[in-house]
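Visitor: Just a sequence and a predicted model for now, questions to come.
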Amino acid sequence: MKNYDVIIIGGGASGMMTSIFCARDGLKTLVLEHNEKLGKKLFITGKGRCNLTNASEIETHLNNIVTNSKFMYSSLNAFTPIDTINFFNELGLKTKVERGNRVFPLSDKSSDVIKSLTNAMERYGVEVELNTEVLSVTKNNDEFNILCLENKIYTAKSVVVATGGVSYSGTGASSIGYEIAKSFNHNVVETKSALCPILVEENVEKLNGLSLRNVNATIKVGGKKYEEFGEMMFTYNSITGPIALTLSSKINKFDLTNVAFSIDLKPALSREKLEEKFARESKEFAKKDVKTYLISLMPAKLTDIFMQKARLTNKKVAEITKIERNNLINTLKQFDFKIKSLDNINVSIVTSGGVDTKEISSKTCESKLVKNLYFIGEVLDVDALTGGFNLQIAWSTAYACASALKG
């Protein structure tokens, strides 16, 4: 049985980063990872390109953190997005900044990010045990005992829980981090899907694969109005794409019964402007069918369900009544789909919920209940929107934790 200064449970983004800082500072460090390789979830982030961080101000990061943004204030200021970029550049990873200040490896390969981290771990002497499933963590006096499968036991002065959330089950995500927290009497906030597709009640199978650009989506729930402009896409049973994913994170704590996903197909035009547009075009399309006219306003794939929702029949445009015209314009501005639920947490990009931040130091990520026990990254009840903000949470909490461990 080996004794360590620090044992890190989880070899994902935050775990690998913490191990580098700890070992570099001379601490005998071990990473326990239940997968067959490190960084399995990191490998698929950013569609395999790995959106490392966002090269924007701290305020922008805080504004993009949906849950417990105040908790991240200290660690984000201690290890900034610029620090992240410099850290990886110093490891030999060249980076680039793209639209929306998103930072990617120059090679567009997440494997290069993982390689730069694992090379640094090896260089600083971090020990790694793969295929090692942690069963429990206990503390006797000032020493932690970590029990793994096959009765392997590891001991350490300090333990860092970097096990991530329960989203993306295909990457081996598990609830062990929450179980460890509960075993030390920590509160764990109920986990929910975040950054995930929104399932709808209507049959949208025929719309599968259809993308809509430059639309405005609104969801009214809990006395609040959540609104996003941009691109969305239909699947066979849901709405996904950037604006839907963002909205999912903002509404996941509400009861979604009788809540609608409302799409403004023509956000640049007011109802009055649409009235004027129809008055002009109804003469041009007078002898055409309504469906033909609608194809000039939207993708052809959308027209059948649009006509159904607007209660339109495929008559000649010249025959449209005043009521039907109002229905057409109203539906262009408010094309509603009833929300069934958010998609399963297994397909969500991040997990909302986790270890209660009220019981964790925001400066060091150390438990307020148990000395030398730390929780970092996605296992915490902190989640953000897309754009590199979630990975920055991982890097910043890793640095905060490692700085405290250095003493």
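Guide: That came in fine, so what should we check first?
Visitor: In this structure, what residue spans correspond to helices?
Guide: With helices called from DSSP state H, the chain shows them at 13-24, 58-63, 73-78, 81-90, 110-123, 176-183, 242-251, 271-284, 290-295, 303-310, 322-333, 389-406.
Visitor: Go through those helices and name the closest to residue 39.
Guide: Closest to residue 39 of those, according to CB to CB: helix 110-123, at 3.9 Å. Using the backbone N, CA and C atoms, a C-beta is placed for each residue, glycine as well.
Visitor: residues in contact with the closest one?
Guide: Outside helix 110-123, the residues within contact range by CB atoms under 8 Å, 6 or more residues apart in numbering are 16-17, 19-20, 23, 31, 38-39, 42-46, 48-50, 52, 88, 91-93, 105, 128.
Visitor: Okay, buried residues for that helix please.
Guide: 110, 112-118, 120-121 (16 or more other CB atoms under 10 Å).
Visitor: Now distance to residue 214 and mean pLDDT too, for the helices of the chain, in CSV please.
Guide: Converted to CSV, those look like this (distance: least, CB to CB, whole Å; pLDDT from 0 to 100):
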stretch, distance to residue 214, mean pLDDT
helix 13-24, 33, 98
helix 58-63, 23, 98
helix 73-78, 32, 98
helix 81-90, 28, 98
helix 110-123, 30, 98
helix 176-183, 40, 98
helix 242-251, 10, 98
helix 271-284, 15, 94
helix 290-295, 18, 96
helix 303-310, 17, 97
helix 322-333, 13, 97
helix 389-406, 24, 98
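Visitor: Deepest-packed of these, please.
Guide: Mean neighbour count (mean count of other CB atoms under 10 Å) peaks for helix 13-24 among those, with a mean of 27.
Visitor: Quick one: distance of that one to the chain centre.
Guide: Offset of helix 13-24 from its chain centre (CA atoms, centre = their mean, to the nearest Å): 22 Å.
Visitor: Just want the angle from that helix to helix 389-406.
Guide: Counting by axes from the mean of the first three to the mean of the last three CA atoms, to 10 degrees, helix 13-24 lies at 30 degrees to helix 389-406.
Visitor: I'd like to know which elements helix 13-24 is packed against.
Guide: Helix 13-24 is packed against strand 3-9, strand 29-32, helix 110-123, helix 389-406, with contacts defined by 3 or more CB pairs under 8 Å, 6 or more residues apart in numbering; DSSP states H and E.
Visitor: So which of those is nearest residue 133?
Guide: strand 29-32 (8.5 Å).
Visitor: Name the strands paired with that closest one and say parallel or antiparallel.
Guide: Paired neighbours of strand 29-32 in the sheet (DSSP bridges): strand 3-9 (parallel), strand 127-129 (parallel).
Visitor: What residues of the longest one count as buried?
Guide: By neighbour count with 16+ other CB under 10 Å, strand 3-9 contains the buried residues 4-9.
Visitor: Of all pairs in these, which one spans the longest distance?
Guide: Among these, 5 and 9 lie farthest apart (CB to CB), at 14.7 Å.
Visitor: From the centroid of the protein, which residue is nearest?
Guide: residue 350 (3.9 Å; CA atoms, centre = their mean).
Visitor: Quickly note the distance from that one to residue 383.
Guide: According to CB to CB, to the nearest Å, residue 350 and residue 383 sit 5 Å apart.
Visitor: which neighbours do these two share?
Guide: Joint contacts of residue 350 and residue 383 (CB under 8 Å, 6+ apart) are 194-195, 249, 390.
Visitor: Give the burial count for the closest residue to residue 22 other than its chain neighbours, as a bare number.
Guide: Of all residues not flanking residue 22 in the chain, residue 29 sits nearest, at 4.5 Å (CB to CB, 6 or more residues apart in numbering). By other CB atoms under 10 Å, the residues close to residue 29 number 29.
Visitor: In terms of pLDDT, where does residue 29 sit?
Guide: If you check residue 29, the pLDDT there is 98.
Visitor: still on that earlier bit, and of the helices of the chain, who's closest to residue 149?
Guide: Ranking those by proximity to residue 149 (CB to CB) places helix 176-183 first, at 11.6 Å.
Visitor: Show me what that closest one is packed against.
Guide: Partner elements for helix 176-183 (3+ CB pairs under 8 Å, 6+ apart): strand 3-9, strand 134-140, strand 153-161, strand 188-194, strand 350-355.
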